[in-house]
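Enquirer: missing the sequence, but the structure's below:
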């Protein structure tokens, strides 16, 4: 498939700076693009690569000059306010995900009391339990399990080995990637007098609102009582764990290996970067960012950036790290001062670790 650059600019709503009749047949990253490819520049640290990329066109913001040197041909520009978003739309012009015809595979097991909307595709070895309801145009790829009493909206897509447990509620246009588990038992155990653990019934469902995506092998646990809720438009990356009775707001992103202990509340529009962990029963305010590998023991105010362990305001953490990097130098200086003081007949107040 090939399209002229002018047609692509029109479809993406970009201003074209360059020859419109250039044929384009694909999309690629700036370092790997070849002639006939569109690439993008959203991070200025990659600006020098504009001089070496072999792409025919690049999606960039207004005001960025992309002229090559005299021996290289000119690189066409598709100018837009949000190059990365435009790049996402450009991919869709050249790549279409597989389509799945409506129908039930003969190996699928569907309870008689289950209700499935029109246009659904139920793939090989799927199981849909008693009284489960699934909306229109759902796709259950293969080996997907939907337990008893689950309620799932329209345009649901579950990749192979995804699980929706009993009585969980899922909105419209939700995507579950491979191995995602919605509504598995939370870590609810009461310690008995003899030191053993008594398993508590996990009676509260997990609830995913519209447009949520849960990526591979991530888990949203059900609640002991009440519910665990993921707000509209929120995205959970691979290997994320949302503990029982937690609440995550709308349009929040939990990146890879984030772990929320039970009853954590995360607001709207937050970003928790990779491997962030939270203690339970705390609040992270709307619009907050927690940087990678941070451990959060206490509440985080809205629209703040926290880092480190224990997590503190980002600027404070950067100062702490800077001071820590100077610690060997400071130790050496203190030892020199102590030696000088001892030579002059004084006594050092305390030894410095060596």
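Expert: Yep, it's here. Everything numeric here is computed off the predicted structure, so don't read it as measured data.
Enquirer: all helices in the stretch 51-200 of the chain, in order from the N-terminus.
Expert: For the stretch 51-200 of the chain, the helices defined by DSSP state H, counting those that start in this stretch occupy 83-94.
Enquirer: what about stretch 292-301, how long is it end to end?
Expert: With C-alpha to C-alpha, to the nearest Å as the measure, stretch 292-301 spans 18 Å from end to end.
Enquirer: can you give me the mean pLDDT across it?
Expert: For stretch 292-301, mean pLDDT rounds to 97.
Enquirer: And stretch 37-50, by the same measure?
Expert: 87.
Enquirer: tell me the contacts of residue 11?
Expert: 89, 93 (C-beta atoms under 8 Å, 6 or more residues apart in numbering). C-betas here are computed from N, CA, C, even on glycine.
Enquirer: buried residues in the longest helix belonging to the chain?
Expert: In the chain, taking DSSP state H as the definition, the longest helix is helix 327-343. Judged by neighbour count using 16 or more other C-beta atoms under 10 Å, the buried positions of helix 327-343 are residue 338.
Enquirer: And for stretch 249-267?
Expert: Buried, per 16+ other C-beta under 10 Å, within stretch 249-267: 249-250, 252-267.
Enquirer: Show me what residue 296 is bridged to.
Expert: Assessed by DSSP bridges, residue 296 has beta-bridge partners residue 278.
Enquirer: That should have said residue 134, apologies.
Expert: residue 116, residue 152.
Enquirer: again, but for the one 5 residues further on
Expert: Judged by DSSP bridges, the bridge partners of residue 139 are residue 121, residue 157.
Enquirer: which ones are touching it?
Expert: 100, 120-121, 123, 156-158.
Enquirer: and those, which two are the farthest apart?
Expert: Pairwise distances across the contacts of residue 139 peak at 12.9 Å for 123 and 156 (criterion: C-beta to C-beta).
Enquirer: Give me the more crowded residue out of these two.
Expert: Taking neighbours as other C-beta atoms under 10 Å, residue 123 and residue 156 compare with residue 156 leading, 27 against 20.
Enquirer: Phi, psi for that one please.
Expert: Backbone torsions for residue 156, taken as degrees, to the nearest 10, come to phi -80, psi 140.
Enquirer: what's the answer for residue 230, then?
Expert: phi -110, psi 120.
Enquirer: That one touches residue 213, doesn't it?
Expert: No: the criterion here is C-beta atoms under 8 Å, and residue 230 misses it with residue 213 at 9.9 Å.
Enquirer: Counting neighbours, go ahead and name the busier of these two.
Expert: Neighbour totals were compared for residue 230 and residue 213, and residue 230 leads with 29 against 19 (other C-beta under 10 Å).
Enquirer: That one: what's it in contact with?
Expert: Contacts of residue 230 by C-beta under 8 Å, 6+ apart are 206-209, 212, 214, 220, 236, 242, 248.
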